[in-house]
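Asks: A predicted structure for the sequence below; I have some questions about it.
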Amino acid sequence: MSKIIGKPIKNIPWQDKPEGYQMPVWRYDANPIIKRDAIPSSNSIFNSAVVPFEDGFAGVFRCDSKSVSMDIFPGFSKDGINWEISHTPITFEGDPEITKREYRYDPRVCFIEDRYYITWCNGYHGPTIGVAYTFDFKTFHQMENAFLPYNRNGVLFPRKIGGNYAMISRPSDTGHTPFGDIFYSVSPDLTFWGKHRYVMGTINGDASAWQSKKIGPGPIPIETDEGWLMIYHGVINTCNGFVYRMGCALLDIDEPWKVKARSSYYILGPQELYELTGDVPNVTFPCAALADSETGRIAIYYGCADTVTGLAFTTVDELLAYMKEHPLEIK
């Protein structure tokens, strides 16, 4: 059995795998766990981040308003399933040049050392990666944007690597990016980022067409005794538009730009009605994963059709075995 490196999460949300189910990731049977109108102003709530906090869980949620403006909101839960989300978005403390809002969406939350770091797609003359920290999910301190525009899907690693903070991201353009590969960057202080390394890109042809248009990192990478387990999204452009599915890869523990394994098959794709229909149909977009070091259980939070939030389950052994069963040639 493979081992997750980290703290145990004794109250991790969980349902056992249905008997006879063939895929490595299975859905919570009461999905979606967060409806589109869970707060008065929201048109949709999706692509959000969750972490253990105190005796329960905290999160940062993408809540698009009824004017369809994009912002991020804090929330709390005792069980990781039933959430109380603030009715007002996060107000950041910091340099007014940086804290002024154009838009904020698709957050991730990562605990490093003594605080919780939030990264998100931040509007600053185009999309870039916003960075902030909090100790209590009540007061938030915004730092410098990590990169020049244009960039999306900034995901921190949960500890320093080689003495530096580390992040994976997807450079992009100003629009609905028709391309996308994953890159790795490091920083000594979470302000100055460099030593950019290519991690992996799209796959053309029949080998793995579900990720032929673009890919992007999803939840915070999970440290295991075999490497960093990365859950990501892949996109194909079909005659009916984009389709977003989930995949997984294993990165080298000391040099995470080196891919050790990657699945040619997706691990979860749009299938249920709440994933197939919504503001943007055919989307399963992972943004957070809880990983229990004692049991190997993993709970994945994902956006469904850019409208509601779903919950799914797997284990570290399921994902590693799936990559071995359906390997993608690493070039």
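Replies: Happy to help now that I have it.

Asks: all contacts plus neighbour counts: C-alpha atoms, from now on.
Replies: Will do.

Asks: residue closest to the middle of this protein?
Replies: By CA atoms, centre = their mean, the mean C-alpha position of the chain lies nearest to C287, the distance being 2.3 Å.

Asks: Could you list which residues are in contact with it?
Replies: 47-49, 106-108, 218-220, 300-303 (CA atoms under 8 Å, 6 or more residues apart in numbering).

Asks: ok, which stretches of the stretch 51-200 of the chain are strands?
Replies: Counting by DSSP state E, counting those that start in this stretch, the stretch 51-200 of the chain has strands at residues 56-65, 70-77, 84-85, 92-93, 104-112, 115-123, 127-134, 140-142, 151-156, 165-171, 182-187, 194-200.

Asks: What are the buried residues along the helix ranked longest in the chain?
Replies: As assigned by DSSP state H, the longest helix anywhere in the chain is helix 316-325. Within helix 316-325, the residues that qualify as buried by neighbour count (16 or more other CA atoms under 10 Å) are 316-320, 322-323.

Asks: so where do the helices sit in the stretch 201-331 of the chain?
Replies: 273-276, 316-325 (DSSP state H, counting those that start in this stretch).

Asks: Same list (the ones you listed) but as a markdown table, adding mean pLDDT.
Replies: Formatted as a markdown table, the helices of the stretch 201-331 of the chain follow (pLDDT from 0 to 100):
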| stretch | mean pLDDT |
| --- | --- |
| helix 273-276 | 98 |
| helix 316-325 | 98 |
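
Asks: Serialize those helices to TSV and add fields for distance to L251.
Replies: Formatted as TSV, the helices of the stretch 201-331 of the chain follow (distance: least, CA to CA, whole Å):
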stretch	distance to L251
helix 273-276	28
helix 316-325	12
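
Asks: picking up where we left off before, could you identify which of the strands of the stretch 51-200 of the chain is most buried?
Replies: Most buried of these by mean neighbour count (mean count of other CA atoms under 10 Å) is strand 151-156; its value is a mean of 28.

Asks: Indicate each strand paired with that one and its parallel or antiparallel sense.
Replies: If you go by DSSP bridges, strand 151-156 pairs up with strand 165-171 (antiparallel).

Asks: Let me have the strands of the stretch 51-200 of the chain in a markdown table, adding mean pLDDT and distance to L276 as columns.
Replies: Shown next, in a markdown table, are these (pLDDT from 0 to 100; distance: least, CA to CA, whole Å):
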| stretch | mean pLDDT | distance to L276 |
| --- | --- | --- |
| strand 56-65 | 98 | 19 |
| strand 70-77 | 98 | 22 |
| strand 84-85 | 98 | 25 |
| strand 92-93 | 98 | 35 |
| strand 104-112 | 98 | 19 |
| strand 115-123 | 98 | 24 |
| strand 127-134 | 98 | 27 |
| strand 140-142 | 98 | 35 |
| strand 151-156 | 98 | 22 |
| strand 165-171 | 98 | 25 |
| strand 182-187 | 98 | 26 |
| strand 194-200 | 98 | 27 |
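
Asks: Quick check: which of those strands is nearest to E294?
Replies: Among these, strand 56-65 comes nearest to E294, with 17.4 Å by CA to CA.

Asks: returning to that earlier point: so which elements touch the longest helix of the chain?
Replies: strand 241-251, strand 259-262 (3 or more CA pairs under 8 Å, 6 or more residues apart in numbering; DSSP states H and E).

Asks: try 7 Å this time
Replies: On a contact count with 3 or more CA pairs under 7 Å, 6 or more residues apart in numbering; DSSP states H and E, helix 316-325 meets no helix or strand.
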